[in-house]
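Asker: Quick one: sequence plus predicted model below, questions after.
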Amino acid sequence: MSDYQERERKYLMATFKRLPVTLVRGNGVRVWDDRGKEYLDFIAGIAVNLLGHSHPVVVAALREQAETLVHTSNLFYTVPQIQLAELLVQNSCLDKVFFCNSGAEANEGAVKLARKYAKLYLNGAYELITTVDSFHGRTLAMVAATGQQRFQEPYTPLPSGFVNVEYDDIEAIKRATTSKTCAVMLEPIQGEGGVNIPSEDYFKQVRAWCDEKGLLLILDEIQTGLGRTGILFGYQLFGVEPDIMTLAKGLGGGMPIGAILAKEKTSVFAPGDHGSTLGGNPLACAVGYASMKFLLGNDVAGNAKRIGDYLIDKLEGVKSRFDHIVDVRGRGLLIALEFDRDIADELALACLEQGLLLNAVKPNALRFMPPLIIEEKDIDEAIAILERVLSSKL
Ligand SMILES: *Cc1c(COP(=O)(O)O)cnc(C)c1O
């Protein structure tokens, strides 16, 4: 065990079940540990590093903005924040943006926005319908929104106003709707819940129901947004438009940033209603802007689609050669491989030893979410490692 791991145990709260390596450097789709060992990175900072590690465009923006202006607070106008907001609005179906620092914070703000909207237009309704196996973040309210018992249990009583129903079940949403309901909050594809893809018509039905009842549809695109699913935003996969959308993870090119986006009519915050000291600061926004400009200008989402299809095809091949694999599913470069037993942690560790970073998204499923700039030859290399591991473990 490295010295770092002992010092971590001494000084840090034991909140994370870390993989047993200390990463010190990254480049493209690869990272290196403190002993110089190289890994192919199919975790990408949990779907954050869309352009991989130390992308020249990201590094240049980081360096330039650091030398110019890092932070001012939101008492002032700053240029990178306006540029990033403009880019987001021009490339999405939403009209207005609020910047914060993380996914959970973006979702919290989205809930506040929905509640304020409901005070104005829905008789003060305040309840949100969310789904089982969703993931919306770790703040107290987002733990209540997240329909997973293991995240909720240690912290009860939770804030009220959240009802968790089954995902991909329009009737469950209809049954849970009351005069207190103000919004439905969903992930286009459930990421942390295991890469769960809803039926083709689910979102159209949810949208129709929200329209019929006057409810807001909030899409949490923190994991699916910005090209991850092979298209810029997950809602485009299903032909619907949300009233509110949240982003974080990949938005900052690795810098911590989150955003709430809303349609004009839903954008009801007034000065003083909501805020953030560091949210949208020049450094985070300049890097996010550079990263998103590159992503748009180089059809990185298109690459995610093409390489994602290639990876799914390879994984289908792996599935046909090994027993105990029961499913391959995903869109773009958000993919899961499911087993008929709880072997994912063991497989992830064995892959790590062989130089491939993979995440055990569930006890019985591995998740593949490499940088979106990945190429076929990297996929081939990862598949070779995976097959070697599966041959020894299955
Ligand atoms: C990661 C994630 C969050 C939480 O984001 P943080 O930045 O960790 O707070 C929320 N929703 C979804 C869908 C996520 O994948």
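Answerer: Yep, it's here.
Asker: Kindly state the domain boundaries assigned to this protein.
Answerer: 57-297, 302-330 (automatic domain parsing).
Asker: can you put those in TSV and add mean neighbour count and distance to residue 382?
Answerer: C-betas here are computed from N, CA, C, even on glycine. Output for these, formatted as TSV (neighbours: other C-beta atoms under 10 Å; distance: least, C-beta to C-beta, whole Å):
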stretch	mean neighbour count	distance to residue 382
domain 57-297	20	17
domain 302-330	17	8
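Asker: who's in contact with residue 194?
Answerer: 133, 336, 338, 361-362, 365, 367 (C-beta atoms under 8 Å, 6 or more residues apart in numbering).
Asker: What of residue 319?
Answerer: Per C-beta under 8 Å, 6+ apart, neighbours of residue 319: 325, 327-328, 337.
Asker: Quick check: residues of the chain near the ligand?
Answerer: For the chain, the contact set with the ligand under C-beta under 6 Å from any ligand atom comprises 102-104, 107, 135-137, 187, 191-192, 220, 222-223, 248-249.
Asker: Out of those residues, the closest to the ligand would be?
Answerer: residue 103 (2.1 Å; C-beta to the nearest ligand atom).
Asker: how close does the nearest residue to that closest one once chain neighbours are set aside get to residue 288?
Answerer: Using C-beta to C-beta, 6 or more residues apart in numbering and skipping residues adjacent in sequence, the residue nearest residue 103 is residue 248, 3.5 Å away. Here the criterion is C-beta to C-beta, to the nearest Å. By it, residue 248 lies 10 Å from residue 288.
Asker: Need the overlap of contacts for the two.
Answerer: With C-beta under 8 Å, 6+ apart as the test, residue 248 and residue 288 both reach residue 257.
Asker: how far does the longest helix seen in the chain sit from the chain's center?
Answerer: The longest helix of the chain (DSSP state H) is helix 300-321. Taking C-alpha atoms, centre = their mean, to the nearest Å, one finds helix 300-321 lying 20 Å from the centre of the chain it belongs to.
Asker: again, but for stretch 121-132
Answerer: 23 Å.
Asker: Hmm, residue 284 and residue 253 touching each other?
Answerer: No: Residue 253 lies out of contact with residue 284 (C-beta atoms under 8 Å); the separation is 9.0 Å.
Asker: where do the helices sit along the stretch 51-200 of the chain?
Answerer: Using DSSP state H, counting those that start in this stretch, the helices of the stretch 51-200 of the chain run over residues 56-68, 79-90, 103-121, 140-145, 149-152, 170-176.
Asker: Who are the packing partners of the third one?
Answerer: Put plainly, it is helix 103-121. The contact analysis (3 or more C-beta pairs under 8 Å, 6 or more residues apart in numbering; DSSP states H and E) places helix 103-121 against strand 96-100, helix 140-145, strand 181-186, strand 216-220, strand 244-247, strand 258-262.
Asker: Including distance to residue 227, could the ones you listed go into a markdown table?
Answerer: Formatted as a markdown table, these follow (distance: least, C-beta to C-beta, whole Å):
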| stretch | distance to residue 227 |
| --- | --- |
| strand 96-100 | 18 |
| helix 140-145 | 24 |
| strand 181-186 | 20 |
| strand 216-220 | 15 |
| strand 244-247 | 12 |
| strand 258-262 | 15 |
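Asker: Reformat these as TSV; add distance to residue 81 and mean pLDDT.
Answerer: Formatted as TSV, the helices and strands packed on helix 103-121 follow (distance: least, C-beta to C-beta, whole Å; pLDDT from 0 to 100):
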stretch	distance to residue 81	mean pLDDT
strand 96-100	6	98
helix 140-145	24	98
strand 181-186	25	98
strand 216-220	22	98
strand 244-247	14	99
strand 258-262	10	98
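Asker: CA atoms only: put the longest helix of the chain into CSV for me.
Answerer: Once non-C-alpha atoms are left out, helix 300-321 reads as follows in CSV (Å, rounded to 0.1, in the frame of the first residue of the first chain):
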residue,chain,number,x,y,z
VAL,A,300,-17.6,15.0,-30.7
ALA,A,301,-21.2,13.7,-30.1
GLY,A,302,-21.1,12.1,-33.5
ASN,A,303,-17.9,10.4,-32.6
ALA,A,304,-19.5,9.2,-29.4
LYS,A,305,-22.4,7.7,-31.5
ARG,A,306,-20.1,6.0,-34.0
ILE,A,307,-17.6,4.6,-31.4
GLY,A,308,-20.4,3.8,-29.0
ASP,A,309,-22.1,1.6,-31.7
TYR,A,310,-18.7,0.0,-32.3
LEU,A,311,-18.2,-0.7,-28.6
ILE,A,312,-21.7,-2.1,-28.2
ASP,A,313,-21.1,-4.4,-31.2
LYS,A,314,-17.8,-5.6,-29.7
LEU,A,315,-19.6,-6.2,-26.3
GLU,A,316,-22.3,-8.2,-28.1
GLY,A,317,-19.5,-10.3,-29.4
VAL,A,318,-18.1,-10.8,-25.9
LYS,A,319,-21.5,-11.6,-24.6
SER,A,320,-21.9,-14.4,-27.2
ARG,A,321,-18.6,-15.9,-26.1
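Asker: Following element in sequence after it, please.
Answerer: Next along the chain after helix 300-321, taking DSSP states H and E as the criterion, comes strand 325-331.
Asker: strands paired with that next one, and their directions?
Answerer: Paired neighbours of strand 325-331 in the sheet (DSSP bridges): strand 334-339 (antiparallel).
Asker: now the strand it pairs with: mean pLDDT?
Answerer: Across strand 334-339, the average pLDDT comes to 98.
Asker: Sticking with the residue lying closest to residue 99 once chain neighbours are set aside, tell me its helix or strand.
Answerer: Spatially, and ignoring its direct neighbours in sequence, residue 99 is nearest to residue 280 (2.9 Å; C-beta to C-beta, 6+ apart). If you go by DSSP H and E, residue 280 is not part of any helix or strand.
Asker: With the one 5 residues further on instead?
Answerer: Element membership for residue 285 (DSSP H and E) is helix 282-297.
Asker: State the mean pLDDT of that helix.
Answerer: 98.
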